[in-house]
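Peer 1: Everything below, folded, please.
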Amino acid sequence: MKRKYQELLAVLIILFIYLGIFIKPSLIIESGITSINIFKTKLFPSIFPFFVLASLLLELGIATKISNKLNPILKKIFHVEGNSAFIILVSMISGFPSGSKYISLSYKEKSIDKSTANYLLTFTHFANPLFILGTCGIVLNSISLAYKILIIGIISNLILGFILRPKEISTKKNISKKYTTSFLEALPNAINEAIKLLLFMLGSITFFMFLSKLISSFLSLNPFTEVILTGILDMTSGISLVGNLNTSQFFKGLLVLSFITFGSFSVHLQVLNNIKEEDLDYKYFFIGRIIGTAIATLLYISF
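Peer 2: Presented below is the predicted three-dimensional model:
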């Protein structure tokens, strides 16, 4: 029965988009151009370098050395070992959906077990620092508020990780693996992996922007409702509209924080794409986003 409802929803969405293409083709083209502009001016410059660097660290075996150094500390806090320290660190530096990508890769290479992989999915959802301080800072017209959002996002995820940590400490060790020793050999692989991930991000952003623009157009939504809908479907597009709202800076910051900590359907789709081949459980990521958003909201209101 559940499968039947999922198929029905998929058919309705597809028919709705087909209808929009024929009735409002200019809107479809406009939203496609907008999504590409958002991608090339806000996402690609801030995310691409970090994805390449993270892949290089893995290819050259440096990630394992980083984990070995940090594991004694993180084992006490989060009860994990293996490549977990590197995954937590790189997800904080690179931003989502890198956490899910490197969780899946580490599980595939058997440097973490399945329970650890599912656990890490709950809280390794950190926003890219350049995106927060650059794009969000400009939208909110306040670098101090952008820093507040960045810090709260990090703290809320760490609190979540501590709350949901396994009772028993994982004893999964890094396995012996042959790493690439040549930087010039590793670099093309790192660039290719980054491009593949970013192209999927562009596709998911474009699809959900199509959907949000069509819904807003057919239902004649007011600006506030349109921002909420857009932010739920695609975080980056929603954040870009927040600056146009006629409301307080405090509330604009809360909206931006909520979009980031929940991640939007676009980001959830990216995570699903990263973990599907390893059969990891998406529900851990989803539950983490609900609880994480609640924790972040409480911290934002309190401070």
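
Peer 1: Quick check: residue 85 touching residue 76?
Peer 2: No: counting by Cβ atoms under 8 Å, residue 85 does not reach residue 76; the two are 11.7 Å apart. Yep, even glycine has a C-beta here, placed from its N, CA and C like the rest.

Peer 1: If you count surrounding residues, which of the two has more?
Peer 2: The neighbour comparison of residue 85 against residue 76 (other Cβ atoms under 10 Å) goes to residue 85, with 23 against 9.

Peer 1: quick one, what contacts that one?
Peer 2: 66, 67, 69, 70, 71, 73, 74 (Cβ atoms under 8 Å, 6 or more residues apart in numbering).

Peer 1: Can you name the helix or strand that the third one falls in?
Peer 2: Following DSSP states H and E, the helix or strand that holds residue 69 is helix 62-78.

Peer 1: Flag every buried residue along that helix.
Peer 2: Judged by neighbour count (16 or more other Cβ atoms under 10 Å), helix 62-78 contains these buried residues: 63, 64, 66, 67, 71, 74, 75, 78.

Peer 1: for those residues, which one is nearest residue 26?
Peer 2: Proximity of those to residue 26 was ranked by Cβ to Cβ; the top entry is residue 63 with 46.9 Å.

Peer 1: Surely that closest one is in contact with residue 84?
Peer 2: No: between residue 63 and residue 84 there is no contact under Cβ under 8 Å: 10.9 Å.

Peer 1: And for residue 259, the neighbour number?
Peer 2: When counting by other Cβ under 10 Å, one arrives at 26 neighbours for residue 259.

Peer 1: shift numbering so it begins at 61
Peer 2: All right, first residue 61 from here; so that's residue 319.

Peer 1: which residues sit in contact with it?
Peer 2: When contacts are taken as Cβ under 8 Å, 6+ apart, residue 319 is in contact with 291, 292, 295, 298, 299.

Peer 1: Kindly report the same for residue 269.
Peer 2: With contacts taken as Cβ under 8 Å, 6+ apart, residue 269 has the following neighbours: 91, 92, 94, 95, 290, 293, 294, 297.

Peer 1: filter those to the buried ones?
Peer 2: Buried members of those, counted by 16+ other Cβ under 10 Å: 91, 94, 95, 290, 293, 294, 297.

Peer 1: so residue 326 touches residue 295, yeah?
Peer 2: Yes: between residue 326 and residue 295 there is a contact at 6.4 Å, judged by Cβ under 8 Å.

Peer 1: follow-up on the earlier one: from the buried ones among the contacts of residue 269, which has minimum pLDDT?
Peer 2: Lowest pLDDT among these: residue 91, with 83.

Peer 1: hmm, who's touching the helix or strand encompassing that one?
Peer 2: Under the assignment given by DSSP H and E, the secondary-structure element containing residue 91 is helix 85-98. Taking contacts as Cβ under 8 Å, 6+ apart, the residues outside helix 85-98 that touch it are 80-81, 262, 265-266, 269-270, 273-274, 277, 296-297, 300.

Peer 1: I only care about the residues you listed that end up buried; give me the PyMOL line for that.
Peer 2: Selecting in PyMOL just the buried members of these, where the criterion is 16+ other Cβ under 10 Å, is done with this command:
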select buried, resi 80+262+265+266+269+270+273+274+296+297+300
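
Peer 1: Let me see the contact set for residue 179.
Peer 2: Residue 179 sits in contact with 140, 224, 225, 226, 344, where contact means Cβ under 8 Å, 6+ apart.

Peer 1: For residue 360, what are phi and psi?
Peer 2: According to degrees, to the nearest 10, the main-chain angles of residue 360 amount to phi -60, psi -50.

Peer 1: Pull up the gap between it and residue 291, please.
Peer 2: With the distance defined as Cβ to Cβ, to the nearest Å, residue 360 ends up 15 Å from residue 291.

Peer 1: Between those two, tell me which one has more neighbours.
Peer 2: Neighbour totals were compared for residue 360 and residue 291, and residue 291 leads with 24 against 21 (other Cβ under 10 Å).
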